[in-house]
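> No sequence on hand, only this structure:
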C-alpha cells in the first residue's frame, strides 16, 4: 500500500470513529440492503467524511460513482484509499482544471444514475442541459447546500425541474449544525493553515449573515476579531447588529477590513468598486459555494501583477502600490486550505443524506417535480442517535405536561 | 400632578423617545385614523412600553381598555399617568390578587371589544368560556407570546376558536428580537434588582432552549455563569450542547444549580422530585409566561416555613434544613422585579402589534377561525424603519445579482 | 420597627448569608476580639455589604464610626438598620449635599480614630490638611480603591504621608475580582435600573482599560454591545484591540457612541471638545471613583437647559438641538442607580479589609510612612476559605512536582 | 532553488511582511550594527518567525548559530531557506531524536557564544553542566518562556547561575500577548490540523490557568467548548470559576473529558491515576514547554498497544478496551502539528528579544548573576511602534490631567 493510500486510509478510519450516527445507519444498511441494485451518482467534496457516506451507500447495496463538487476540495489521499481499499469509483483530484472538473462530473453521469446526491446542483443542472441523455433514468436527487437549493427552487419555479429533489440543506439536523458550527470552525481551520496569522485584534468582515455567516461571525468573535457584517436583508442586518457586530455597506467595510470572508451564495460580492478602495494588505477568502463571490477577473484586471506568496495565497500587487491577498483562488477556503467540516458535524449531515436517499427511493413516485423538505421523523431519528452518542440524557414530558401543552384551558 | 403620575409620565416620555418605529407609525395613524370607531380590548403587561402602544392605538381612533396579563407586571406609575395624562381606561395595579386580576380582565370585556390584543390568551380564552356574551362582537385578535400561541393553536385544532387570530409572536421582527435579546437582558435586570448577587462563577440552569431560553442562556454566559440547559427536544438539546452549555435532565441539574431560570411555556418544570434533591441555597426564578413553571404548591407543602427575605424573594426553609429561594412568587421576574424588556426591543414588537391589528381590521372577513402568520410586508416595513432609526445602511442587490440568485444556470 | 429599618435589616441579613468568608472571620473575631479598645473611622459606600464589614469590626471589639465616601452611594435603609438594629454610629444619607458630605466625614474624624478605613482617600487627605487635629492619634489606614491608592502614592512620594497605609486595592483577592467582576456587573445593574434600555446593538465606549474597565468592557460585550475602548497607555490599548474591541481617541469615539462609561480614575475624560461633537442621544455614565470624569460644568455651560427625565437621568438639551444624557449626576452609577457590587464579590474585598486592619494594628510600628502591599498570606487565607465556600476542590502538587518546579536540572 | 527552500523562503517573506515592529528594528540595526563582532547562540523553535529574528540579529552584525528548543518544532523548509538564502548556520530538523536534539544544541555551543538566546533554558543549563567549556565566554543570556524562567530563578536562588539573564517572558509586550493570544490561537491551529474534529460541544479540560492557560481556555470557549480548568493555585482557581468555567481536580476532570490540553510548566499533570479512570476516546495534547506534562511512560506501560492513527495522533489501546489518544507525542502541539504562534504576535515577542539582547550587550557588566526584568522603556517603545503599525491612535493626557493623577489634593 503506497503512502498516499495509507494516509487516506488513516483519515477514513479516523472519521469513521467520529461519525457514530452514520456508522449506526451503515450497520443497519448492511443488514437491510435498502439500496440494492440502484446506481447513485454523487458530486460532493471528496474528502474523508464524504468517503464514509459513499462507503455507507455502497454497503447498502448501491453502485456509486463519486466526483468532487469543487475543483479544489479533493483530498487526494482519501480518493486513493477509496479506490484501493474500498473499491469505489472516484473521479476527483485536487487542483482540477475546469476541463477536468467537468470531465469528472460527466464520468459520474456516464453511469446513468438512478439517484443523484449533489452539492451546489452542478450535476442536476447538467442533467437538465448538456447531459439530457442521463435525465430519463434519474428518479430523484438530494441536494446538500444552500446555493444548490436556491438554484433548484428557481428551476422548480420555472417549471424546468424534471424530478423531485430532497432539500437536505434545510433539514434541522443539517443546517442548524453543519452551516453554523461546521462552516464556523472550518473557515478558521483554512485561515490558520493558509496564513499563520492572528485573528484577534483584526477587523474581520463577514459578507452574509445567513446560517453559515452567523457561524463564521460567531467564531471570528470567539477568536478575538472585531467583526463587521454586510447584508442585503434588513432583518438579518438588525440581527447582526443586535449580536454586537458593526453593520455597513461593503463599500465602507472594505476601507477598514483586515480580513474579508464571503459566505453569501450570491456572486460579485467583492467587485471592481470594492477592490478600488480596499485597504492595503487586506486578505480575502471565501466559504460560499462557488468561487464567484470574489470577482477574480476584476482582481486580475486591476492588478499590476499576481504572485503566489504562500501555498494557498496569491498576492495581487495593485497599480497604486497596494497589496491585496486572496486565499485558495477564492474557492471554499475551508476545504481547499483546511480539512473541511469536522467529522462529528458531517455525521449529522451525511446521516440525513443516507436516510434521505432511502426515503426518496421509497417515495419518489408519489412526488412532483418540486423541492421537498426532509421529513421530521428523519431529523428526530438522527437527533436521538446523536444525543445518545454524545452521552447526553434529557427530560421527557410527563403525561400531565403533554396534556397541558396540547390543551388551552389552563391560564393565569 | 401627584408624584406617581409624574414618575409614570417621565417613564412614558422616556420610552417614547426610544421607540422610533412605533412613533413613526403613530404619526401616520394620527393622520389616517385607521382604527376610528373601533373598540379594542387589551391585556398586556401594563408598563411604559405597553402604554405607548395603547396611546398609539387611541391616537389611531380606537377606544381602548387596558388590563394587565399578569398580576405582578403592572407599573402603577404608568397606569396612573395613562389615566391622568392620556385619559385612557386602565384596569391594572401591581400585586393584584387572583380575584382582582380577573375582575380587571372582565372590565376590559365589558366594553364588548371589536378586536382583542392578548398576551398569554387569557382574554381570548375567557371570551370562549366564561364571557361568551362578549364573543359575538369580536372580529379578530392579536396574540403576543409563545404561550398564548400554543394555547390558540390547540383551540384551532380542537375547532373551538371562533375568530381569526394573528400570531404576532412568530413575526420575525418580534420573536427574533423580543424573545432573545429582550428576555435575555430583562431576566438579568430582574435578577440584579431582586438579589444584588453575582452571576459570574455561578452554575445557572436554563430550563427550555427555545428563543427565549437561548436569549437567557446567552446573557448568562455573557455575565460569566457556567450554564446548564434542560430540554425535552433532542434537536434543541444538541444545539445547546454545541453552544458550549452542559445539557442534562432537571433531576441532575437541580443537584448542582446555584440559580434556576425556567422559560419553557410548560408547567411543573420544577416539581416535588426536583425540590427534594435541590442544592441548598438555590435561587429560582421564572421568565416563562405563567407562574406554574415552578410548582409553588409543592414548595409550600415541602417547606417548614416561608419568609420574605427581600423585596422580591421568598425563602422556603425546608424540613431538612435546606433554604431554597423563589423570586417574585414564580411570576415573570423580568417584569415583577425588573422593568421588562428594553424600550428599543418593544418598539419592534409593538410596531408589529400596531400594524398587525390594522391588518386584521382590513382582512378579518376573508379569514377563517385559524391562527395566521404576520404578512412578510409588515416585517419588512418595520425592519426598514428600524434600521434607518439605528443609523445603519446596508447593501442592495445589483440587477446582475438579482438575476443570478433567481436563476439556476450559472454554476462552477 | 419602621419600614425603612425593616428593609435595611432584610438587606443586611441577605448579604450576610452571601458573604461566607467575612462571616467566617467575624466568628473568629468574636472569640478573639483583635480590635478591642480601638477606634476605627470608616468612609465607605454605606450599603449592605459595607454594613456587614462595620458589624464585623464592631464585633471584633472596635468602636466604629461610618460615613459614606460618595454623596450618592448611601442606602438609607441600611444606614437606618445599622443604627437601630446594630447600634452603630452611621453618618450618611443618600443625595447628600457637598456640605453634608464633608460634615459627615468630619463627624467620623471627631472620634479621633486610631485607624482609618478609607475609599478614595478623602478621609486620609482631610487628616493631613483641614483636620490635622485628628492626625496625632492615627496609627495607620487601609485604602480600598485605585483612585485612593494613586493619591496616597503621590502623598508618599511627596513625603507628606504621616502614617503607613495598607493598599487593600492591589491585593489579588480584591482587584482581580472586585474591580473586574464587581464593577463589570454592577455598572449594568445601574444601567438597567436607570434606563430600561437595551445594551445589545449599541456602540458602547469604555474610557479606561484598567481592571475595572476590562470588567465593564467584558460585560458590555457579554450583553451584546459593540465596544470601543479609549486609553492613554499603548500597552493597554493593544490589549483592548486584541480582545476584539475597537480602540480610538475619545474625540472620534464620541461621534459614534450610543453609551459612554468612564472608568479611568482621572478627570475631564469627557470635556468641552468632546461634548461639542458628541452624537445626539448619547447617554453618559461613570463608574470611576469621583464625579469629575465627565465634566459637568462643561455640560452645564454648553446646554440650553437641563431636565430630569427619569429618576437617575438628566437630559442636557444643547443649543444646537442635540440631547445628551447623564446618569446619576456623573457619580458612580453602579452605586447611585444600582445596588453596588454583588455580595459575594465584596465578601472577598471586605475580608481583605478585615484581616488587613488587624494586620496593621499588629505591625504599624515597624512600618514607615509608605503605602504597603497586603501580605500574600492574607490573600491565600481568603482564597482558601472562598474556594471552600464555593464547594470547589482543586489539585495539590505532589512532592515530585514540588521538587521539579523548584529545581532546574530536568530539561528536554 | 529546490522546492523545500522555495517553500521556506515564501514563509519567511510572508512573516516578514507581518512583523512590522521587528522589521523597523532590523532597519535600524542594519545602520547601527549594534551586535557587530558578537557571537550569539540561539535555541528557539526553528520556524519562520524565529528565522526573521535570526536574520535581524545577523543583520545587526552578529555571528549566529541556531538550533531548535524542541525536537518536533522545526519547519524544515524554513531551516533550508535560512541556510541557502540567508547563509545562516542552522542546526535543526523536524522529528529529531533525543541524540540529534542534543547534538544540535552542542553544535551551537561549539561556537563559544558571547550571548545566548534560550527558550526553556536547555542551552543555559548545558553551559552550567555538560558544557562548562563554553561558560567562560558567555556574558549574558535572554530567556523566552515561563518554563525557562522558572528554572533560571531556581538556579539563581541556588547561586548556581554564572551570568545575568534577561527575563524576556515577563515583559508586558511578551507575556500579555504571546502567552494569551499566541498560545490560545495556535493550540487550536494544532488541534484542527491534527484532528479535523469539532471543538464546539466538547468538554475540554485546560490544565493550568496561568497566562497561557487563560488564552487556551478563552479560545476553547470561543470555539464552543464547555471548559473545565484544573489548578493548584486557589486564586487562579477562583478566577477560572468567575470566568465561567468549571473547576475541579484532574482526577474528576478526566472522567468527563473529551479533550485535555496541558499548559502548566510542571510535570506529570496526567499520570497513572488519571489514565486509569480517563473517559474512553479522550484526546490529549500539550502546549506547555516540555513533553513531560502528560506522562508517556505511564501511557505506554498501561496500554495494550499503540498505533499511529493519523499524522500526529497516537492511539493507546488500553487493556480494558478504552482508546486514549495523544497528539504529537505530548510535545507542543501548536508547533508540532500547527505552525506556531501567529506572526503578528511573535513580532512583539521577538522585538523584545532583539532590543533585549542589545540591552544586555550594553549593561551585562553592571549586572549580577540574577534574572532581570526587561526595562519599561523597551516595552513602551515596542508598544508605540506596534500601535502605529496597527493604524490605531489613542489619547494623550493633558497637562491638567497629568497634574491631577500625580497629585493628591483634589477629592470629592
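Received it, and whenever you're ready, just let me know what you need. Since the model is a prediction, treat every value here as computed from it, not as a measurement.

> Tell me which helix or strand residue A:42 sits in.
Here residue A:42, judged by DSSP states H and E, is contained in strand A:39-43.

> Oops, could you answer that again for residue A:350 instead?
helix A:343-363.

> So that helix, near chain D or not?
Yes: counting by CB under 8 Å from any CB of the partner chain, chain D is contacted by helix A:343-363 at A:343, A:344, A:345. Where C-beta positions appear, they are placed from N, C-alpha and C, glycine not excepted.

> quick one: low-confidence parts of chain A?
Low-confidence segments of chain A, defined by pLDDT under 70: A:1, A:411-412.

> please redo it, this time with the cut-off set to 90
Within chain A, the stretches with pLDDT under 90 are A:1-2, A:72, A:405-412.

> Find the centremost residue of it, please.
By CA atoms, centre = their mean, chain A has its centre lying nearest to residue A:145, at 5.5 Å.

> State the distance from that residue to residue A:170.
Distance, residue A:145 to residue A:170, using CB to CB, to the nearest Å: 10 Å.

> repeat for residue A:333
In terms of CB to CB, residue A:333 sits 24 Å off from residue A:170.

> who's more crowded, these two?
Using other CB atoms under 10 Å in any protein chain shown as the criterion, residue A:333 and residue A:170 rank with residue A:333 on top: 30 against 17.

> what residues are up against that one?
Residue A:333 sits next to A:187, A:190, A:191, A:194, A:285, A:286, A:287, A:312, A:327 when contact means CB atoms under 8 Å, 6 or more residues apart in numbering or on different chains.

> ok, for the residue of the stretch 201-350 of chain A found nearest chain D, nearest residue in space, not its chain neighbours?
For the stretch 201-350 of chain A, the residue closest to chain D is residue A:222, as judged by CB to the nearest CB, at 2.5 Å. Once flanking residues are discounted, residue A:222 sits nearest to residue D:222: 2.5 Å by CB to CB, 6 or more residues apart in numbering or on different chains.

> from what I can see that neighbour touches residue A:221, true?
Yes: using CB atoms under 8 Å, residue D:222 makes contact with residue A:221 at a distance of 7.1 Å.

> okay, the two: which has more neighbours?
Under the criterion of other CB under 10 Å, the comparison of residue D:222 against residue A:221 puts residue D:222 first, with 24 against 20.

> Among the contacts of residue A:333, which lie within helices?
Members of these lying in helices (criterion: DSSP state H): A:187, A:190, A:191, A:194.

> So which of these is the closest to chain B?
residue A:187 (16.0 Å).

> Quick one: residues contacting the closest one.
With CB under 8 Å, 6+ apart, residue A:187 has these contacts: A:215, A:216, A:219, A:261, A:263, A:285, A:287, A:333, A:334, A:338.

> repeat for residue A:80
With the criterion set at CB under 8 Å, 6+ apart, residue A:80 makes contact with A:2, A:4, A:5, A:8.

> Could you report the distance from the third one to residue A:316?
Distance of residue A:5 to residue A:316, given as CB to CB: 38 Å.

> Between those two, which is the more surrounded one?
Each of residue A:5 and residue A:316 has its neighbours counted (other CB under 10 Å); residue A:316 has more, 21 against 18.

> Which residues are in contact with the more buried one?
Going by CB under 8 Å, 6+ apart, residue A:316 touches A:299, A:300, A:302, A:303, A:305, A:306, A:323, A:324, A:325, A:326.
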